[in-house]
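Student: Here you go, sequence then predicted model.
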Amino acid sequence: KAGVTQTPRYLIKTRGQQVTLSCSPISGHRSVSWYQQTPGQGLQFLFEYFSETQRNKGNFPGRFSGRQFSNSRSEMNVSTLELGDSALYLCASSYNIGGSTGELFFGEGSRLTVL
Amino acid sequence: GENVEQHPSTLSVQEGDSAVIKCTYSDSASNYFPWYKQELGKGPQLIIDIRSNVGEKKDQRIAVTLNKTAKHFSLHITETQPEDSAVYFCAASLGGGGNKLTFGTGTQLKVEL
């Protein structure tokens, strides 16, 4: 079974630009979560989508947004990039559909550098 | 919101020794506590988890203990091997629908030959 696929793996942008990152979950997984990983702040939750609806949201500004498509693939967008947005963006999918938190399967991440 | 503290930030052990990583959480309503291992250039991978109705769980060389009263949980790795070298993250979740995890800051474990 294929794992979580994230594209692109690496990208460089300049301040003020916007970026879109893509995530294809494991087949059958309907939950997709996004995390930002930086050396200073560690792993921070951005948002989670389930059946095309945002189910949870972290404490990030409105410049960070996401969506999920009917095939469970997800995208996240960051507008008006700032230097501090440089990070590894991790996508994770999960099978759980009930009230209990389940195992997250992470992709290898998209490393964004903002110059 | 939930806050998870993790110690130590770095840990160096000799091959064959045991390693212990400790975490504390702030929200007593948290009910799910996973541990993830992240190798260089890869995403985190679940190695073991525990729910609040269980005090201890073991899987071969890895065990996790949970003390709900103290809001404290720990990862124990016995008979460490070089391939155990990685960054380990603890996390906590309130459950209630959804997969929002609050992670600790990570422990860089180095197993020396």
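Tutor: Thanks, I have it.
Student: Tell me who's in contact with the residue in chain B that chain A sits nearest to.
Tutor: Closest residue of chain B to chain A, CB to the nearest CB: B:Gly43 (3.1 Å). C-betas here are computed from N, CA, C, even on glycine. By CB atoms under 8 Å, 6 or more residues apart in numbering or on different chains, the contact set of B:Gly43 is A:Val4, A:Leu90, A:Ala92, A:Phe106, A:Gly107, A:Glu108, A:Gly109.
Student: That one should be in a strand, yeah?
Tutor: No: read with DSSP: H, G, I helix; E, B strand; the rest coil, B:Gly43 is coil and lies in no strand.
Student: For the residue of chain A found nearest chain B, which residues are in contact?
Tutor: Going by CB to the nearest CB, chain B is nearest to A:Phe106 of chain A, at 3.1 Å. A:Phe106 makes contact with A:Val4, A:Leu90, A:Cys91, A:Ala92, B:Tyr36, B:Gly43, B:Pro44, B:Gln45, according to CB under 8 Å, 6+ apart.
Student: Strands of chain A, residue ranges please.
Tutor: Listed in chain order, the strands of chain A (DSSP state E) span A:5-7, A:10-13, A:19-24, A:31-38, A:42-50, A:53-57, A:64-68, A:74-78, A:87-94, A:105-106, A:110-114.
Student: Which strand or helix spans B:Gln108?
Tutor: Using DSSP states H and E, B:Gln108 falls within strand B:107-112.
Student: Who are the packing partners of that strand?
Tutor: On a contact count with 3 or more CB pairs under 8 Å, 6 or more residues apart in numbering or on different chains; DSSP states H and E, strand B:107-112 meets strand B:10-14, strand B:19-25, strand B:86-92.
Student: Now with 10 Å, please.
Tutor: Applying 3 or more CB pairs under 10 Å, 6 or more residues apart in numbering or on different chains; DSSP states H and E, we find strand B:107-112 packed against strand B:10-14, strand B:19-25, strand B:72-77, strand B:86-92.
Student: Any idea what the residue lying closest to A:Glu103 once chain neighbours are set aside is bridged to?
Tutor: The shortest distance from A:Glu103 to any non-neighbouring residue, by CB to CB, 6 or more residues apart in numbering or on different chains, is to B:Leu46 (4.9 Å). Assessed by DSSP bridges, B:Leu46 has beta-bridge partners B:Tyr36.
Student: Nearest to A:Gly66 among the contacts of A:Phe106?
Tutor: Nearest to A:Gly66 among the contacts of A:Phe106, counting by CB to CB, is A:Cys91 at 9.7 Å.
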